[in-house]
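*Asks:* Below is the sequence, then the predicted model.
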Protein chains: 2
Amino acid sequence: MKNTQATIRDLALKLNISISTVSRALRGAQDVNPETKKAVLEMAQQMNYEPNKVAQSLRIKKTNTIGIVVPEIAIHFFSSVISGIQHYTSRHGYSIMICQSLESFEIEKSNIQMLVSNRVDGLLISVSSETREYQHLERLMEKKIPMVLFDRVVDSLDVSKVVVDDHDGAFKAVDYLIKTGCKRIAYIGGALTLSISNQRMKGYLDALKTNNIPVQEELMVFCNEFHDEPIVATRQLLDLPELPDAIFCMNDPVAILTLQVLKQRKIAVPDEISVVGFTNEPVSRYIEPSITTVAQPAYQMGEAAARMFIEQVENPASFKPRMETLQTELIIRNSTRRIA
Amino acid sequence: MKNTQATIRDLALKLNISISTVSRALRGAQDVNPETKKAVLEMAQQMNYEPNKVAQSLRIKKTNTIGIVVPEIAIHFFSSVISGIQHYTSRHGYSIMICQSLESFEIEKSNIQMLVSNRVDGLLISVSSETREYQHLERLMEKKIPMVLFDRVVDSLDVSKVVVDDHDGAFKAVDYLIKTGCKRIAYIGGALTLSISNQRMKGYLDALKTNNIPVQEELMVFCNEFHDEPIVATRQLLDLPELPDAIFCMNDPVAILTLQVLKQRKIAVPDEISVVGFTNEPVSRYIEPSITTVAQPAYQMGEAAARMFIEQVENPASFKPRMETLQTELIIRNSTRRIA
DNA sequence: AACCGCATTACAAACGGTTGCATGACGGTG
DNA sequence: CACCGTCATGCAACCGTTTGTAATGCGGTT
C-alpha cells in the first residue's frame, strides 16, 4: 500500500485521457475505442499497474472475500476442509480470510465481528465447542450476511449447513463392533451441546437397540475437551466391575488417548478390547495398532460448503437455506477384531 | 455488504451532528465533548454499527491484513506455522489472508498478485518447490512491500527470513546415527534448488566428514516430489550390492515411505537399517516403529516471522532485513539403534 | 446549413470513512 | 469593549474505483 503503486489516475494522466475511459478500458467495456483500449492495457502492463481491490470493493460493495472461522487450523480435518473451500472458491474469484476460535466463544465472537468489519461477502463457520448461545450468528442472519455452517453446526438455526451423517457413521461403527462379537460396548463422547456429539451418541444408541443390546448408562462417558478428560474417562471405564469389550470413541484423538491408557494397563487391543475412532485423521492409519475409524470427507465438505455459499451470493433472492449431508465410510483396521 | 449495515453517516443523521464529529467520537479523539462522545457510542451500539474497514483501509492506505502464501495448508508443519503467525499478528490487530501454491510456480505468482491487489500490508511467504525464478518476489521488493520468507526461503534475495538451522539439524541426526554404530549412511533428499534441501545435504556431508567417513555418491538420491519418488529412491538404495545401514530422509513423509518399503522387503528397523526423518510431524511419533526425527519449531517460526513483519511495518525507515535461525531438536525414537 | 444518430470520451457523483482547516461560541483579560 | 485563546464542531477534500449522464466530433440526410 505504498505510493509506489500506480493508480488508474496515473494511467489517465500519462495517456492524457480521462479516468473513466481508463477504467472502462481495463475492464473491457464495450464502448471504448479498440486503439485506446490497447494503449491503456499496454501502459498498465508497463507501469506495473495492479487494480486496487480495496477501492473497488468500496465502490461496488463487494469484497470477493469470504471469511472462515474454525476451531483450529492445525487440526488436519479443518485444514482439509479449508483446502476444499479454497479450491472451489478460488476458481470463482474469491479470496479467503481465516480465523481460529481456539474453541473459545469469546474469540469466535470477535473473529466474526472482525470479518464483518472487513465486509467479507459471507461466512463459513464451524462453531467452537464452547458455543452455546447463538445471538452472534442470529445477528448475521438479520443483517442478511450469507453464511454456511459446516461440521459443527447449530441445529436450531435456519441457515445452510453441511454436515457428515454422524448418526449413520456412528451406527455403522457400533454395528460393526457388534458383528465382530462385542457385547459390552462403551462410548466416550463430547459435550452434548455440540450437534455432532449428539448425533454420534444417537447412532451408538440406535445400533445397540437394533441389535437388541441393552444400553448401560455406566458405559457412557462424556468429555468437554479432548486432551486430558478422555484419559480419565477411559480409566473410569476400565475400573468398572465388568470390563467393556469395545470402546467407541467420538473422534480419533480420543481413540489415541484411549489406546495409550490401554497400553499402560497392558490390555490387548483388539483381543481384549476393540477401539474405534471417528474422522480418520492421518495418524490413525499409522499408529500401532492402526485404528478402525469412520472417515469423514473433509475436503468434499469444504467444497460443498463453498458451493452452497457461492450459490447463495450469486442468487440471493431465490436461495433457500438447506442442509447437505455427506456420507461417511467405515475404515476397518487393526484396532478391532475381524468378523468371525 | 448489504444496505443493512449502518454507516457513520447514519449515526450523524440520527444524532443531528456532523459526520466528522461522529468519526472522531468513535475513535476516541481528544477534542470531542465527552457527552457527544457518549451519545455517539451509545447510538453506535444501538444501531449495531460496525466500522467499514474497506473504507478505512482506502482512506488510511493500510488494510491491517497480511498475506500468507504456503505450499499447502493441510500439511501440519505449515498449519502450525500459520497458527503461530496468527497468534502473534491477531494481537496486533492484523487479519490474515491465506493462499496455497500447491507447489505450483504459476499459482504462487497469481496468489501473490491477488494479495497485492488486495493491498495487504505485507507478505509472509514459503516458496513452492517449483519456484526457481524470483522476479515476482523482486517486484515486491521494488514496490517496497514488506515481506518475510520462512522455511522455504530464497538465499539470493536480501529480505527478512526465518529459517530453521537445517544444516545443524541434519548434522545432529547423522552424527547420532554414526554414534549408534552406523557407517553406510544413505541420504534421500529433495531438489537442490530448495535451500532447505541444500542445507540438509550439507549437514549430512559435514557430519560424515567430521567423523571421517568417506562420502559415497551411490548413497545419495534426490527426489522432486515426495509421494512416489521416495519409494523408487529407497528401492534403488536397497538394490545396491552393499546395503546401507541407515537412511537419513529429508523429511518425515519420505521417512514414512521408506519405512513402508523396508517393511515390504522384510528388513528390520532399526536392527538392519536405521531411519531418521525431519520435521517431527505428529504421525512420526505414532507410527510403528516411531521415527527418530529432527523437530522443527513450526509454531515459533510463525511467531518469529510475524514478529519480524510487525517490526518492519511499524518501523519501515530503520528496519533492515535480517535472517533469524531457529534451532532444531533431535528426537530419538525407535527407528534408530541406541548408542552402545 | 441545420439536423440526426452514433461512437467515443469526459464529468461528476457516489462508496464510507479520515483529517486539516475554518468557524463559532464563550469566558477571561487588558 | 475589543481582543484572544480554547473547546467543540462543521466543511470539504481526499483515498481509487465505478458508472450514469452529458458532451463532443463526425459522417450522412434532408
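*Replies:* Perfect, thanks for sending it.

*Asks:* CA atoms for contacts and neighbours, from now on please.
*Replies:* OK.

*Asks:* Around DNA strand C, which positions in the stretch 51-200 of chain A sit nearby?
*Replies:* When proximity is defined by Cα under 7 Å from any atom of the strand, the stretch 51-200 of chain A lies next to DNA strand C at A:55, A:58, A:59, A:60, A:61.

*Asks:* May I see those arranged in JSON lines, with distance to residue B:75, neighbour count and secondary structure as well?
*Replies:* JSON lines is the format used below for those (distance: Cα to Cα, whole Å; neighbours: other Cα atoms under 10 Å in any protein chain shown; DSSP: H, G, I helix; E, B strand; the rest coil):
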{"residue": "A:55", "distance to residue B:75": "34", "neighbour count": "18", "secondary structure": "helix"}
{"residue": "A:58", "distance to residue B:75": "35", "neighbour count": "19", "secondary structure": "helix"}
{"residue": "A:59", "distance to residue B:75": "37", "neighbour count": "12", "secondary structure": "helix"}
{"residue": "A:60", "distance to residue B:75": "36", "neighbour count": "9", "secondary structure": "helix"}
{"residue": "A:61", "distance to residue B:75": "35", "neighbour count": "16", "secondary structure": "coil"}
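
*Asks:* neighbours of residue A:165, just the number please.
*Replies:* 21 (other Cα atoms under 10 Å in any protein chain shown).

*Asks:* Against DNA strand C, how distant is it?
*Replies:* Going from residue A:165 to DNA strand C by Cα to the nearest atom of the strand, to the nearest Å gives 41 Å.

*Asks:* go on, residue A:49?
*Replies:* Per Cα to the nearest atom of the strand, residue A:49 is found 18 Å from DNA strand C.

*Asks:* And for that residue, the neighbour number?
*Replies:* Around residue A:49 there are 17 residues (other Cα under 10 Å).

*Asks:* Could I get the full set of strands for the stretch 201-340 of chain A?
*Replies:* Taking DSSP state E, counting those that start in this stretch, the strands of the stretch 201-340 of chain A run over residues A:220-223, A:246-249, A:274-279, A:292-295, A:323-326, A:329-331.

*Asks:* In a strand, residue A:66, correct?
*Replies:* Yes. According to DSSP: H, G, I helix; E, B strand; the rest coil, residue A:66 belongs to a strand.

*Asks:* and the helix or strand containing residue A:116, average pLDDT?
*Replies:* If you go by DSSP states H and E, residue A:116 is part of helix A:105-117. Averaged over helix A:105-117, pLDDT sits at 97.

*Asks:* Using PDB, write out the CA atom coordinates for that helix.
*Replies:* Extracted in PDB, the C-alpha atoms of helix A:105-117 (Å, rounded to 0.1, in the frame of the first residue of the first chain):
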ATOM      1  CA  PHE A 105     -16.700 -18.500  22.500                       C
ATOM      2  CA  GLU A 106     -15.400 -15.000  23.000                       C
ATOM      3  CA  ILE A 107     -12.700 -15.400  20.300                       C
ATOM      4  CA  GLU A 108     -15.300 -16.700  18.000                       C
ATOM      5  CA  LYS A 109     -17.400 -13.700  18.500                       C
ATOM      6  CA  SER A 110     -14.600 -11.300  17.900                       C
ATOM      7  CA  ASN A 111     -13.500 -13.200  14.900                       C
ATOM      8  CA  ILE A 112     -16.900 -12.800  13.400                       C
ATOM      9  CA  GLN A 113     -17.000  -9.200  14.200                       C
ATOM     10  CA  MET A 114     -13.700  -8.600  12.600                       C
ATOM     11  CA  LEU A 115     -14.700 -10.400   9.500                       C
ATOM     12  CA  VAL A 116     -17.900  -8.400   9.300                       C
ATOM     13  CA  SER A 117     -16.000  -5.300   9.800                       C
END
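
*Asks:* Show me what that helix is packed up against.
*Replies:* strand A:65-70, strand A:95-100 (3 or more Cα pairs under 8 Å, 6 or more residues apart in numbering or on different chains; DSSP states H and E).

*Asks:* got the strands of the stretch 201-340 of chain A as TSV, with mean pLDDT and distance to DNA strand C columns?
*Replies:* Output for the strands of the stretch 201-340 of chain A, formatted as TSV (pLDDT from 0 to 100; distance: least, Cα to the nearest atom of the strand, whole Å):
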stretch	mean pLDDT	distance to DNA strand C
strand A:220-223	96	43
strand A:246-249	98	48
strand A:274-279	97	42
strand A:292-295	98	44
strand A:323-326	97	31
strand A:329-331	98	47
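
*Asks:* ok, back up a step: and the furthest pair within the residues of the stretch 51-200 of chain A next to DNA strand C?
*Replies:* Within those, two members stand farthest from each other by Cα to Cα: A:55 and A:61, at 9.6 Å.

*Asks:* For DNA strand D, which of the strands of the stretch 201-340 of chain A is the nearest?
*Replies:* Between DNA strand D and these, the shortest gap by Cα to the nearest atom of the strand is with strand A:323-326, which sits at 32.7 Å.

*Asks:* how about the residues of the stretch 51-200 of chain A that lie near DNA strand D?
*Replies:* Contacts of the stretch 51-200 of chain A with DNA strand D, taken as Cα under 7 Å from any atom of the strand, map to A:51, A:52, A:55, A:56, A:58, A:59, A:60.

*Asks:* coming back round to it: centre of the chain to the helix holding residue A:116, how far?
*Replies:* Relative to its parent chain, helix A:105-117 has a centroid offset of 17 Å by Cα atoms, centre = their mean, to the nearest Å.

*Asks:* contact partners of that helix?
*Replies:* For helix A:105-117, the surrounding residues in contact (Cα atoms under 8 Å, 6 or more residues apart in numbering or on different chains) are A:67, A:69, A:97, A:99-101, A:127-131, A:136, B:50-53.

*Asks:* Could you check it and say which residues are buried?
*Replies:* Residues of helix A:105-117 classed as buried: A:105, A:107, A:108, A:109, A:111, A:112, A:114, A:115, A:116, A:117 (neighbour count, 16 or more other Cα atoms under 10 Å in any protein chain shown).

*Asks:* residue in the stretch 51-200 of chain A nearest to DNA strand C?
*Replies:* With Cα to the nearest atom of the strand as the measure, residue A:59 is the residue of the stretch 51-200 of chain A nearest to DNA strand C, at 3.2 Å.

*Asks:* okay, that residue: pLDDT?
*Replies:* Looking at residue A:59, its pLDDT reads 96.

*Asks:* Quick check: the gap between it and residue B:54.
*Replies:* Residue A:59 sits 10 Å away from residue B:54, going by Cα to Cα, to the nearest Å.

*Asks:* go on, residue A:106?
*Replies:* Computed with Cα to Cα, the distance linking residue A:106 and residue B:54 is 24 Å.

*Asks:* got the contact list for residue A:258?
*Replies:* When contacts are counted by Cα under 8 Å, 6+ apart, residue A:258 touches A:230, A:231, A:234.

*Asks:* How about residue A:19?
*Replies:* By Cα under 8 Å, 6+ apart, the contact set of residue A:19 is A:8, A:9, A:11, A:12.

*Asks:* how about whichever strand or helix holds residue A:36 against DNA strand C, any contact?
*Replies:* In the assignment (DSSP H and E), residue A:36 maps to helix A:34-46. Yes. Counting by Cα under 7 Å from any atom of the strand, DNA strand C has neighbours in helix A:34-46: A:34, A:36.

*Asks:* name the helices or strands packed onto that helix?
*Replies:* helix A:8-15, helix A:19-26.

*Asks:* swap the cut-off to 7 Å and go again
*Replies:* Applying 3 or more Cα pairs under 7 Å, 6 or more residues apart in numbering or on different chains; DSSP states H and E, we find helix A:34-46 packed against helix A:19-26.

*Asks:* And the helix it packs on, what's buried?
*Replies:* Buried, per 16+ other Cα under 10 Å, within helix A:19-26: A:19, A:21, A:22, A:23, A:25, A:26.

*Asks:* Stretch A:86-95 too?
*Replies:* Residues of stretch A:86-95 classed as buried by neighbour count (16+ other Cα under 10 Å): A:86, A:87, A:88, A:89, A:90, A:94, A:95.
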